[in-house]
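**Q** I need the structure of the sequence given here:
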Amino acid sequence: MRAIVAPNEDPRSVYQTCINSIQKDSLRNRLNAVDNTIFLAAKEYEEKALIKQLYTLPASNYKKDDIVLGTVTKAELTAVYTEHMVGQDKPARSIYDKLYDSAPLGKCPFCGFASVRTLDHYLPKSKFPQLSVVPMNLVPSCRDCNSGKGVVTATTEETQSLHPYFDHNHFINEQWLFAEAIRTIPITIRFYVQPPDHWDDISKAKVKNHFLNCDLGSRYKKETTAELAALKNTLSLYGEIGASAIQAELTIRAKGYFQLYKNSWQVAMFQALARSYWYCDSDFS
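**A** This next block holds a predicted model:
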C-alpha cells in the first residue's frame, strides 16, 4: 500500500457543489434538507478513521428505492456521486479529478503498481449511501482493487483493509511483503506477508487481510513474468561474472526499489532472487 495525504475538502461544500447541479427543484430541495446529516456522517467517518474504528459504523441493507435520510432514497443519494460528481460536465467533476490525481505517480495506493482508473468508496456506497460523496471515503484506485474489495465490510478492526489516507507509519515505513523464488521451469515467485515481530496482532492481521482482499499474491506473480524474462536477458549480457557478483547486482536492485517503496513486489522479488544461490549460480547465456 502507498500512503496519500487525506483530502481536506469540506464535505458539506462538496455535497452542495454536487446537488446544486441538479435541475429538478423538488429533488434538489429534498437533498438539501439532509445536508447537515451528510455533514455529521462525514465528521463521524473522520473521527472513526483516525482511531482505526471505521468497522464500527453500521452498514445498511437498504434497497435502492428505500428511504434512507429524510425523504431521500438510497438511489437518489448514490446518484449524487454517479451523476453529479462523476459526470464530465458537472461542477463537482473538478473535485473528482483532484482526488483521482492525488495518487502518487498515478499508481493505485491499494496495490502499489496498477494505474488508477477510478475512485473507490472505501466504505461502499451501496451500504453507506450517506458517504457517497464524502472525500475521505473516496480513494483513487485501479479497477482490480476496486472490484476486489467489493461491498464486503469489516466487522472487526483486524479485518479492515488498509486505508491509504489513514494507515501510515509502520505500514509504510517497515517491510511486511516478502517473496520466495521457487526452482521451477520457468522460475516461480511466491509472495507472502510477514509483518515484523514487534507489531501488534491487529496490525499483523490487517496487512494479511489487505493482501488477501486485493488478491495481491496472484497479481504480483503475474507482474514478475516479464520482469524475470528481461532480467535473464540482462544477466546473459554480463558473461561469466560469478554467483557472488549476480547476487550483488540483485541486492542493489532490491535496495534501489526499497528506497522508493518498501513493500513493492520488485523489492520482494529481487530480495528473494538474491537469497537463492541456485538462481545466482544459473547459466544465463
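**Q** pLDDT weak spots in the chain?
**A** Low-confidence segments of the chain, defined by pLDDT under 70: 150-151.
**Q** So which residue is dead centre in this structure?
**A** Phe110 (1.9 Å; C-alpha atoms, centre = their mean).
**Q** who's in contact with that residue?
**A** Applying C-beta atoms under 8 Å, 6 or more residues apart in numbering to Phe110 gives the contacts 1, 120, 139, 141-142, 145, 149, 161-162, 164, 210, 214. For glycine as for every other residue, the C-beta is placed from the backbone atoms N, C-alpha and C.
**Q** from these, which single one is nearest Asp10?
**A** Lowest distance from Asp10 to the contacts of Phe110 (C-beta to C-beta) belongs to Val139, with 18.2 Å.
**Q** how close does the closest one get to Val207?
**A** Here Val139 is placed at a distance of 17 Å from Val207 (C-beta to C-beta, to the nearest Å).
**Q** cool, Leu237 as well?
**A** 38 Å.
**Q** what's the burial count for Tyr15?
**A** Counted with other C-beta atoms under 10 Å, residues neighbouring Tyr15 total 26.
**Q** can you map out the helices along the protein?
**A** Here the chain has its helices, by DSSP state H, at 11-19, 25-33, 35-50, 74-84, 93-100, 143-149, 170-173, 201-213, 216-236, 243-260, 265-275, 277-280.
**Q** most packed of the ones you listed?
**A** Sort the helices of the chain by mean neighbour count, taking mean count of other C-beta atoms under 10 Å, and helix 265-275 sits at the top with a mean of 23.
**Q** Which strands or helices does that one pack on?
**A** Applying 3 or more C-beta pairs under 8 Å, 6 or more residues apart in numbering; DSSP states H and E, one finds that helix 265-275 makes contact with strand 177-182, strand 188-193, helix 216-236, helix 243-260, helix 277-280.
**Q** Tell me who's in contact with Pro11.
**A** 38-39, 42-43, 133-136.
**Q** Could you do Ala268 as well?
**A** Residues in contact with Ala268 (C-beta under 8 Å, 6+ apart) are 177-179, 189, 191, 220.
**Q** contact partners of stretch 117-130?
**A** 37-38, 41, 45, 54, 57, 59-62, 68-69, 74, 77-78, 81, 96, 99-100, 110, 131-132, 137-143, 145-146, 149-151, 153, 161, 163.
**Q** ok so, going back, let me know the closest of the contacts of Ala268 to Ser115.
**A** Nearest to Ser115 among the contacts of Ala268 is Tyr220, at 15.5 Å by C-beta to C-beta.
**Q** So the closest one sits against Val267, correct?
**A** No: between Tyr220 and Val267 there is no contact, the gap being 10.9 Å when judged by C-beta atoms under 8 Å.
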